[in-house]
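Undergrad: sharing a model that was predicted from the sequence below.
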Amino acid sequence: MTTTPETMDFKNFQIAMPYTLTAGHAVGSFLAELAHQRIIGARCAKCDTVRVPAQDFCGDCGGESNEFVVVPPTGTLTAWTVTDQGIIGLIALDGTSVPLLHQVITATPSDLQVGMRVKATWAAEPVGAMMDLAGFVSAPDAPVAQVEPAVDLSSPIEQLDYRMELDYEHAYGHFYGTLFDGIKNSRRIRGVRCPSCRNVLLPPRPMCEACYVPTGDWIDLPDTGIVQACSVVHIEFVGQRIPPPYVYAEIVLEGSSTRLIHTVGGLSAEEARSGAVRPGTRVKAVWSDRRTGGLSDIDYFEVVADHE
Amino acid sequence: MTSIAIVGTGQTVHARRRVDVSQAGLAREAAIEALNDANLTMDDIDAVVVASGPAMFGSVNQPEKWLVDALGARYKPVVRVTSGGGTGLAGALQAINQIKAGLARRVLVVAYDKLSEGALQASISTLYDPFWGREFAVGIMGFSAAYWRARMDRLGHTEEAAAMVAVKNRKNAMLNPKAHVKKEVTVEEVLASKPLCWPIKVLDVPPISDGACAVILAAEGDAETITNTPAWIRGMAYYAEADNGPNRSMLQSEPLKTAAARVYRNAGVTNPRRQFDVAELQEPYTCFELSYYEGLGLCAEGEAAELIASGATQMTGDIPVNPSGGCMGANPIGATALIRLAEAAMQVTGKAGAHQIKGAELALVQAGGGWANLRGVAVVGSSKD
């Protein structure tokens, strides 16, 4: 048994999403002021704790943290760990109540001690993000300073672009493995029959969810079926595989009792709207030259005559 | 069995994009309004349920951890519930179960989504099996449009009938101070609007919103000490159906029928059209409202188009549906279902302001998650039974 993606054991998938995140007033002000090498915190009006980065609310008492302060760029290292991407430390900045998690920039971990004094170091080119504060370096002689009222604050940064890319390696398992191996190598589509209700289930699965009994025999299904429902896609969206317009369809292959989600091709959006494909239309798979072991090995389904 | 009531509700000012608050700040805004409405503070709250849509919507996993600070909920039980569009109602059900079990007396449910931050249809497509359906999924829209098309043939749910839902709900939203889409449309405009997934067109679709809603639930005995106008939960249920089970026609939602039957039995509802004074139904697209008329027994199967055309579901009709404007006024998905519940509570306590249905005493709530397989129903009344 191997886990390389070339086998039918696993298949690689990626989810990639763009985001526009909203920092909120306090964090937005903190980020904006990093460009001026000022660290902005917030004091809770109710319990007097000082948090950095500034927050709109106080995690201690739930009050509003609406008094912004300038936090000194100096503090004390209270904990640290070494990772393959550098040293991460908890830094109690002078005058604050909650330590800041950030990067510690130093020659070797052996220089580090809990309780050592550190000071901020800044990125050469600020971009309006957390790493404008590049990290903290050892500063044995840095005196303990006080927070000061924040005056002349820049407008907060309202939004930040962010991108998430997540890689997955999904296991086919026995049932999907058998199905997609058949699709890839011999263009066979195979479901399983429930011994109780006699329905053929596609994709194949270990249990029939209607009867809740283990499924039985493998059944070869034809690549023809009936459109149960269809719509005409005009919308464009992130991650779309096919340029619109195209027909989205839920198809029940002949002899099966479950839905397969695919597309119907070979006709225009206007033809689809005027009824060239509709619930009840008979369709047949048009196979691709690709052999990836997925549903996209079928390019699309095409409309065929009822008794073809 | 102990009766449970809504004793406070709050909603943010919903918007297409709220650049002034973070996700946590948005949730806090609704929670504070609900606490103020109930004249309570967080010290009076025993437990918190956070309800929000798929983490993929906002890129923050376990957002309830973040919300503990924003809500001032440290050292309280805080759990998150998520169930797509039905999330808010699923969260309220969890709160009710905590109170019924004796684990808490007063529970704050806060539901939110900040949909301006992510890629909506692509995020929703990750609800599908990666091997079976995801590569051709068009969020919930491709699916919904396809089954609306099927309902046209079988049940007569025409494009005109769905357009009437858009006209009605957008008109009602004009009266709702929390709605952010305030523009009346005509049937002709809806029909002529740009197709997204035909038969779904732009004006059949609600806005994408940033927004939050909060509701405080308390047990009988306690509820009456908090407010003179508790909104009593007369029944609530949430059911699921196997997504790709055999022989599902999808013409009607089976879990919706199951949930409605159970809740109606609990609440003594035998003639929903006659007994309910008002309904708040979560309509992700106009076609859903038509299908829910039938699934909830407001009319017989195949009569939804006739019901909307009759005007019975308008503000002035005998069974007004979505006086708030429904999702058409604002649709922060994770909060949407809780907004329906809060609006129902406002109706039966006479607090709905300009969109109040005069004298409303019994309200119907429906919400759903997933695409067709998770459906919830609730009944809210001005009296305990």
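TA: Received the coordinates, thanks.

Undergrad: quick one: whatever residue of chain B ends up closest to chain A from residue A:142, how far?
TA: Across chain B, no residue is closer to chain A than residue B:72, which sits at 1.5 Å (Cβ to the nearest Cβ). In this view, the C-beta of every residue, glycine as well, is placed from N, C-alpha and C. Residue B:72 is 35 Å from residue A:142, where distance means Cβ to Cβ, to the nearest Å.

Undergrad: now residue B:172
TA: Look at residue B:172 and residue A:142: by Cβ to Cβ, they are 62 Å apart.

Undergrad: anything in the helix or strand where residue A:226 lies near chain B?
TA: When elements are assigned from DSSP states H and E, residue A:226 belongs to strand A:224-233. Yes: Strand A:224-233 reaches chain B (Cβ under 8 Å from any Cβ of the partner chain) through A:228-233.

Undergrad: quick one: low-confidence parts of chain A?
TA: Residues of chain A meeting the criterion pLDDT under 70: A:1-7, A:107, A:307-308.

Undergrad: next, the closest residue in space to residue A:44 that isn't next to it in sequence: phi, psi?
TA: Leaving out its chain neighbours, the residue that sits closest to residue A:44 by Cβ to Cβ, 6 or more residues apart in numbering or on different chains is residue A:58, at 3.7 Å. The phi/psi pair for residue A:58 (degrees, to the nearest 10) reads phi -100, psi 120.

Undergrad: OK, contacts around the residue nearest to residue A:61 when sequence neighbours are not counted?
TA: In space, and not counting its chain neighbours, residue A:61 is closest to residue A:47: 4.3 Å by Cβ to Cβ, 6+ apart. Applying Cβ atoms under 8 Å, 6 or more residues apart in numbering or on different chains, we find residue A:47 in contact with A:58, A:60-61, A:63.

Undergrad: how about residue B:159?
TA: Taking Cβ under 8 Å, 6+ apart, one finds B:152, B:191, B:199 in contact with residue B:159.

Undergrad: among the residues you listed, which are in helices?
TA: B:152, B:191 (DSSP state H).

Undergrad: about what we covered before: between residue B:172 and residue A:142, which is the more surrounded one?
TA: Taking neighbours as other Cβ atoms under 10 Å in any protein chain shown, residue B:172 and residue A:142 compare with residue B:172 leading, 24 against 16.

Undergrad: you'd agree that one is in a strand?
TA: No: Residue B:172 sits outside any strand when classified using DSSP: H, G, I helix; E, B strand; the rest coil, being helix.

Undergrad: quick one: the closest residue to it other than its chain neighbours from residue B:169, how far?
TA: In space, and not counting its chain neighbours, residue B:172 is closest to residue B:325: 4.4 Å by Cβ to Cβ, 6+ apart. Distance of residue B:325 to residue B:169, given as Cβ to Cβ: 5 Å.

Undergrad: specify the beta-bridge partners of the residue nearest to residue B:91 when sequence neighbours are not counted.
TA: Nearest-residue entry for residue B:91: residue B:51, 3.1 Å, with adjacent residues in sequence omitted and distances by Cβ to Cβ, 6+ apart. For residue B:51, the beta-bridge partners are residue B:81, residue B:111 (DSSP bridges).

Undergrad: residues in contact with residue B:51?
TA: So residue B:51 contacts B:80-82, B:87-88, B:90-92, B:109-112, B:334-335, B:337-338 (Cβ under 8 Å, 6+ apart).

Undergrad: try it again with 6 Å
TA: B:81, B:87-88, B:91, B:111, B:334 (Cβ atoms under 6 Å, 6 or more residues apart in numbering or on different chains).

Undergrad: can you give me the strands for the stretch 201-350 of chain B?
TA: Ranges of strands within the stretch 201-350 of chain B are B:210-219, B:231-240, B:278-281, based on DSSP state E, counting those that start in this stretch.

Undergrad: how about these, which one is nearest residue B:291?
TA: Ranking the strands of the stretch 201-350 of chain B by proximity to residue B:291 (Cβ to Cβ) places strand B:278-281 first, at 9.9 Å.

Undergrad: for that closest one, the distance to its chain's centre please.
TA: Its chain's C-alpha centre and that of strand B:278-281 lie 9 Å apart, by Cα atoms, centre = their mean, to the nearest Å.

Undergrad: helices or strands up against it?
TA: helix B:333-348, strand B:362-369 (3 or more Cβ pairs under 6 Å, 6 or more residues apart in numbering or on different chains; DSSP states H and E).

Undergrad: what residues does the stretch 51-200 of chain B put near chain A?
TA: Counting by Cβ under 6 Å from any Cβ of the partner chain, the stretch 51-200 of chain B comes close to chain A at B:59, B:69-70, B:72, B:117-119, B:121-122, B:126, B:130-133, B:135-136, B:138, B:142, B:145-147, B:149-150, B:153, B:195-198.

Undergrad: in helices, which of those fall?
TA: Counted as lying in helices by DSSP H, out of these, are B:69-70, B:121-122, B:142, B:145-147, B:149-150, B:153.

Undergrad: buried members of those residues into ChimeraX, please.
TA: Buried subset of those, written as a ChimeraX selection, criterion 16 or more other Cβ atoms under 10 Å in any protein chain shown:
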select /B:69,70,121,122,142,145,146,147,149,150
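
Undergrad: okay, now residue B:359: neighbour count?
TA: Residue B:359 has 11 neighbours, counted by other Cβ under 10 Å.

Undergrad: what strand or helix carries it?
TA: Short version, using DSSP H and E: residue B:359 is in no helix or strand.

Undergrad: and the gap between it and residue B:278?
TA: Plainly put, residue B:359 is 10 Å away from residue B:278 if you go by Cβ to Cβ.

Undergrad: can you check residue A:240 too?
TA: Relative to residue B:278, residue A:240 is positioned 40 Å away (Cβ to Cβ).

Undergrad: neighbour count winner among these two?
TA: Neighbours were tallied for residue A:240 and for residue B:278 using other Cβ under 10 Å; the higher tally belongs to residue B:278 (27 against 15).

Undergrad: specify the beta-bridge partners of the more buried one.
TA: According to DSSP bridges, beta-bridge pairing links residue B:278 with residue B:363.

Undergrad: so for it, what's the pLDDT?
TA: pLDDT for residue B:278: 98.

Undergrad: among the contacts of residue B:51, which two are most distant?
TA: Across those (Cβ to Cβ), the longest gap, 9.7 Å, separates B:81 and B:334.

Undergrad: sounds good, over and out.
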